[in-house]
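Asker: Predicted model and sequence below, questions to follow.
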Amino acid sequence: LCSDMIDAVIDISGISGRVTDLGARVGVQAYDAASSSAIKLSNGMVIYLREVSTSLALVCMVREKNFRKRGLIDYNIDTFKQALSEIFDDKKA
């Protein structure tokens, strides 16, 4: 399910890509670091997707009652993103 969600988000963002003021389609994806996607399943779970970097996405399955604390989930993901950034920035040096 998680890989299907990633495929769906990539396909939809590719179709609906950004459009310039002149109406030309830009090759940039409509999905960016601030975007997220959530799918509520019939079994009471939510699949939540957030971009971590341009080549990495985080997909998690959360109980619907816990997904109400989305701010806390987003905070933890942002902390994870920052830690990964620090790790990879140190390796470049």
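Answerer: Happy to help now that I have it.
Asker: Which elements pack onto whichever strand or helix holds residue 46?
Answerer: For residue 46, the host element (DSSP states H and E) is strand 45-53. Judged by 3 or more Cβ pairs under 8 Å, 6 or more residues apart in numbering; DSSP states H and E, the packing partners of strand 45-53 are helix 2-15, strand 36-40, strand 56-63, helix 64-67, helix 70-92. Placement of C-beta: from N, CA and C, glycine included.
Asker: just checking, what packs against the fourth one?
Answerer: This points to helix 64-67. Where contact means 3+ Cβ pairs under 8 Å, 6+ apart, helix 64-67 is packed against strand 45-53.
Asker: now swap in the last one and tell me
Answerer: When contacts are defined as 3+ Cβ pairs under 8 Å, 6+ apart, helix 70-92 packs onto strand 45-53, strand 56-63.
Asker: Outside of the last one itself, list whatever touches it.
Answerer: Applying Cβ atoms under 8 Å, 6 or more residues apart in numbering, the set of residues contacting strand 56-63 from outside is 1-2, 5-6, 44-52, 73, 77, 80, 84.
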